[in-house]
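K.L.:
next input, structure requested:
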Amino acid sequence: MSSSGLRDSSVIVTGAGSGIGRAAALRFAQEGAKVVVADLNGDAAKEVVAEIQAAGGTAVAVTGDLSDPAVVDEVVTTAVDTFGGLDVLVNNAGIMDRMSAAAEVSDAEWERVIRVNLTAPFLLTRAALPHMLARGKGAIVNTASEAALRGSAAGTAYTVSKHGVVGLTRSVAVMYRNAGIRANAIAPGGTKTGIVLDIDPAAHGPKTLGAYMHNVGQPAEADEQAAVIVFLASDAASNINGAIVPVDNGWAAV
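P.N.:
Model prediction:
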């Protein structure tokens, strides 16, 4: 019997069709949680749901772009209506930038990265909080990044978005600590997720960042990131609030 306190809990995992999100959804289901698998890729989300159900777990898919407030509402409403409430929100969905330096960032790149990586987690958090407050408890786990801890791990838009995720995490932790709600974040380093970078190697940003990437170290498996997400959502982390946890094989220590 699991002692995580997650059995029968209602959990939302965004970006759950692949990579860290998929691994987290599977781990939550293994703990006995009921999982909303939210992803832009509908086929991938349904495959994860099928995998969970085949193992005897409970899950439902919601497809859509989380930068759309209507999709945010659908994700939260699905969790509440299908599973009777909301206990855990994992804001994991995100996109990379083109490693662009500030002078190279287009309006489109900036607005898309900020919208998906920062505004969407805010919108989901805002939508989730009333349901958690009604229960008197809740856990929010955000996926930040090594780029949330330094300026040398990604382009300007991505770096700013992930620094913003840290600010969101800490603000929520302080504002709702006395209401039984915790907010923490992981800061992944290099991770094997299959993401393909769209960059111009000759541009100033990629050329500059390349000099720092020798410190990355051994990339993590997606499940190693997911393990920390599930821990932070669990009763084992009951007094951890406002923490930003590097999961990066020591990169942040270099």
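K.L.:
what does Ala55 show for phi and psi?
P.N.:
phi -90, psi 10 (degrees, to the nearest 10).
K.L.:
how many neighbours does it have?
P.N.:
Residues near Ala55, counting by other CB atoms under 10 Å, number 11. C-beta coordinates here come from the backbone N, C-alpha and C atoms, glycine included.
K.L.:
who's in contact with it?
P.N.:
29-30 (CB atoms under 8 Å, 6 or more residues apart in numbering).
K.L.:
same thing but at 7 Å, please
P.N.:
Ala29 (CB atoms under 7 Å, 6 or more residues apart in numbering).
K.L.:
count of neighbours near Ala183?
P.N.:
27.
K.L.:
cool, and Ile186?
P.N.:
Ile186 has 27 nearby residues by other CB under 10 Å.
K.L.:
who does the helix or strand hosting it pair up with?
P.N.:
Ile186 belongs to strand 181-188 when assigned by DSSP states H and E. Neighbouring strands of strand 181-188 in its sheet, by DSSP bridges, are strand 138-143 (parallel), strand 244-247 (parallel).
K.L.:
which of those strands sits most buried?
P.N.:
strand 138-143 (a mean of 27; mean count of other CB atoms under 10 Å).
K.L.:
now for the next helix or strand after it, which elements pack on it?
P.N.:
Beyond strand 138-143 in the direction of the C-terminus, DSSP H and E gives the next helix or strand as helix 156-176. Using 3 or more CB pairs under 7 Å, 6 or more residues apart in numbering; DSSP states H and E, the elements in contact with helix 156-176 are helix 107-114, helix 120-135, strand 138-143, strand 181-188.
K.L.:
how about the helices in the stretch 1-150 of the chain?
P.N.:
19-30, 42-54, 69-83, 107-114, 120-135 (DSSP state H, counting those that start in this stretch).
K.L.:
which residues outside stretch 68-85 are in contact with it?
P.N.:
10, 12, 34, 36, 38, 60, 62, 64-66, 86, 120, 123-124, 127-128, 131, 135.
K.L.:
try 6 Å
P.N.:
With contact meaning CB atoms under 6 Å, 6 or more residues apart in numbering, stretch 68-85 is reached by 10, 12, 34, 36, 38, 60, 62, 64-65, 86, 123-124, 127-128, 131, 135.
K.L.:
buried members of the residues you listed into PyMOL, please.
P.N.:
A single PyMOL command is used to select the members of these judged buried by 16 or more other CB atoms under 10 Å:
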select buried, resi 10+12+34+36+38+60+62+64+86+123+124+127+128+131
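K.L.:
pLDDT weak spots in this protein?
P.N.:
1-2, 196 (pLDDT under 70).
K.L.:
spatially central, which residue of it would that be?
P.N.:
Asn92 (1.6 Å; CA atoms, centre = their mean).
K.L.:
where does the residue lying farthest from the centre of the chain sit, in terms of helix or strand?
P.N.:
In the chain, the residue that sits farthest from the middle, by CA atoms, centre = their mean, is Ala202; the gap is 30.6 Å. Using DSSP H and E, Ala202 sits in no helix or strand.
K.L.:
quick check: it vs Gly210, distance?
P.N.:
With distances taken as CB to CB, to the nearest Å, Ala202 is found 11 Å from Gly210.
K.L.:
cool, and Ala108?
P.N.:
Ala108 is 24 Å from Gly210, by CB to CB.
K.L.:
the more surrounded of those two?
P.N.:
Neighbours were counted for Ala108 and for Gly210 using other CB under 10 Å; Gly210 has more, 11 against 8.
K.L.:
OK, contacts around that one?
P.N.:
Going by CB under 6 Å, 6+ apart, the list of residues near Gly210 is empty.
K.L.:
then Gly190?
P.N.:
So, once contact is read as CB under 6 Å, 6+ apart, Gly190 ends up touching 216, 219.
K.L.:
before we move on, the earlier item: gap between whatever helix or strand comes next after the strand holding Ile186 and the chain center?
P.N.:
Of the helices and strands lying after strand 181-188 in sequence (DSSP H and E), the nearest is strand 191-192. Counting by CA atoms, centre = their mean, to the nearest Å, strand 191-192 is centred 14 Å from the centre of its parent chain.
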